[in-house]
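Asker: Got a predicted model here, sequence first, then my questions.
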Amino acid sequence: MKYGKYLLTFLFIVFGLSNLSAQYDFMQRTNGDFWAGMGSGMTLSFSAPNRASFYSHARGGRSGTYSIEHEYGIPFLHLNWDDGTFSRYLMLVNEDIIALYADNTEPSWKAGWSYFGNGSTGRAFPIMGSITASSSLRWGNIHFAATAERLGLHINRVWAVEGGVGERLYITLPNQFAGSLFISSGYVHFSRPYLFQANARPKRIRITSARNETEFFEVELCDTPNFQTISFDANGMGEHENIILEILEIYSGTRYNHMAINSILGSFSQ
């Protein structure tokens, strides 16, 4: 009986680790790099089995090994450089973009994915034209309001609301918008990563056209702070200047009855 219990526990751990690894398989593609943009001369590359390299026109290159460790669901990138130095960043990433944080500020480094052999397909990070909410949380002297600035790339500036289900964000998209959103869920904090699991996160959302509320689609989000791409075209809605994002279901917090969203960004190809 005990043997069976231990076996199930072992299989659960292995399955969990394999799923976790699969989340980051795209970082080991060998035909592209995360590229900081035209004129920057800076790229960050990941390759199998766990190698990383950074190149800058101004500072040259360096290589080393990398690992990704999660603290309360928040991913931290550990870089052990071959010259004996070490770097640690809170990392928000997906197949299109990456942002690395050394503390609770703007990213220390951000970039889009680029295939140099086939021309650039990098992504930029425009904030929304404007964002307002049906309601927002006030906690002491802090108002966790929904604004384009608060829901930009800066971490520890979330939109938060009591409960969450049924709440709405009213979003005006930027002029250069190319038909997809990047969403980073939860309360993301560099030195207090436990706040991610302590507060609720959106699970299922509805994206609706503000000009015609019969035109909408629903998306189930993974329970991760990493950027998740929501494509309008892939969901049959096309480009829109004004949308409504409604929370339909949440992942419950372990401590607070508050739901938080870290970032909502538009995207366009560079």
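Answerer: That came in fine, so what should we check first?
Asker: any low-confidence regions in this structure?
Answerer: 1-23, 29-31, 37-40, 114-124, 176-178, 239, 268-270 (pLDDT under 70).
Asker: tell me the centre residue of this protein?
Answerer: In the chain, the centroid-proximal residue (Cα atoms, centre = their mean) is Phe227; its distance is 2.1 Å.
Asker: domain ranges for the protein?
Answerer: Domain ranges of the chain: 2-118, 130-266, per automatic domain parsing.
Asker: Go through the one helix or strand Met259 maps to and flag the buried ones.
Answerer: If you go by DSSP states H and E, Met259 is part of strand 258-266. Neighbour counts over strand 258-266 (16 or more other Cβ atoms under 10 Å) mark 258-266 as buried. Every C-beta, even on glycine, is put in place using the N, C-alpha and C of the backbone.
Asker: Can I get those in JSON lines including distance to Phe190?
Answerer: Below are these laid out as JSON lines (distance: Cβ to Cβ, whole Å):
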{"residue": "His258", "distance to Phe190": "19"}
{"residue": "Met259", "distance to Phe190": "21"}
{"residue": "Ala260", "distance to Phe190": "15"}
{"residue": "Ile261", "distance to Phe190": "17"}
{"residue": "Asn262", "distance to Phe190": "12"}
{"residue": "Ser263", "distance to Phe190": "14"}
{"residue": "Ile264", "distance to Phe190": "20"}
{"residue": "Leu265", "distance to Phe190": "19"}
{"residue": "Gly266", "distance to Phe190": "25"}
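Asker: any idea which of these is closest to Trp35?
Answerer: Leu265 (17.4 Å; Cβ to Cβ).
Asker: Next one: the closest one relative to Thr85, how far apart?
Answerer: 31 Å (Cβ to Cβ, to the nearest Å).
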